[in-house]
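# got a predicted structure plus its sequence, pasted below:
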Amino acid sequence: MINLIKLSVGSETIESMAAWQASPRAKGPDGLPRHVTRMWPKREAEVLAGGSIYWVIKGAIQARQPILRLDEVEFDDGIRRCAIVLKPGPIPVVPTLRRPFQGWRYLLPEDAPRDMDPRAASEAPLPAELSVALAEIGVL
């Protein structure tokens, strides 16, 4: 099993990312959220064996979503792309700093941040800037 990691461009918080994913524009024909990318994962079988996509928001990995499947999509430009179909609802993880990068990358399970304690996840979320600052000093 292997995960993917991706910047959530334009998202300020986990909630704003979830709101975008709930919009019709971010969903596939089946109503599930998806992220469309030009590159198809060469390690597809490993990704589909229980992998998640980890989202970097405001400089820190803050959430993950299980990957359900990879669909081939083609738009009007004739270029075939990969739609990463996701389980709805991001799962908060312990914020972990991550430098910007382009596209998506593989993320080994041992390098992935652990899920946030469900009791902490049910509390009001910290502002993104505070989460990043606490992660920088090793508190989170």
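Looks like it came in fine. Numbering: from 1, shown residues only.
# shaky segments in this structure?
120-126, 128, 139-140 (pLDDT under 70).
# can you give me the strands in it?
Here the chain has its strands, by DSSP state E, at 3-7, 34-37, 52-57, 60-74, 80-86, 91-97, 104-107.
# run through the bridge partners of the residue positioned nearest the centre of the chain.
Computing the C-alpha centroid of the chain and ranking residues by Cα atoms, centre = their mean puts W55 first, at 3.2 Å. Beta-bridge pairing of W55 under DSSP bridges involves K6, A63.
# contact partners for it?
Listed by Cβ atoms under 8 Å, 6 or more residues apart in numbering, the contact set of W55 reads 5-8, 11, 14, 17, 61-65, 90. C-beta coordinates here come from the backbone N, C-alpha and C atoms, glycine included.
# and the contacts of stretch 105-124?
1-6, 41, 43, 52, 54, 61, 64, 91-96.
# swap that for stretch 20-35, sorry
6, 10-11, 53, 65, 68, 71, 83-88, 90.
# let me have the residues you listed in a markdown table, extended by distance to P100 and neighbour count.
Output for the contacts of stretch 20-35, formatted as a markdown table (distance: Cβ to Cβ, whole Å; neighbours: other Cβ atoms under 10 Å):
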| residue | distance to P100 | neighbour count |
| --- | --- | --- |
| K6 | 11 | 19 |
| G10 | 13 | 9 |
| S11 | 13 | 22 |
| I53 | 17 | 22 |
| Q65 | 20 | 23 |
| L68 | 27 | 16 |
| D71 | 27 | 16 |
| A83 | 23 | 16 |
| I84 | 20 | 23 |
| V85 | 25 | 18 |
| L86 | 22 | 24 |
| K87 | 26 | 15 |
| P88 | 26 | 14 |
| P90 | 20 | 24 |
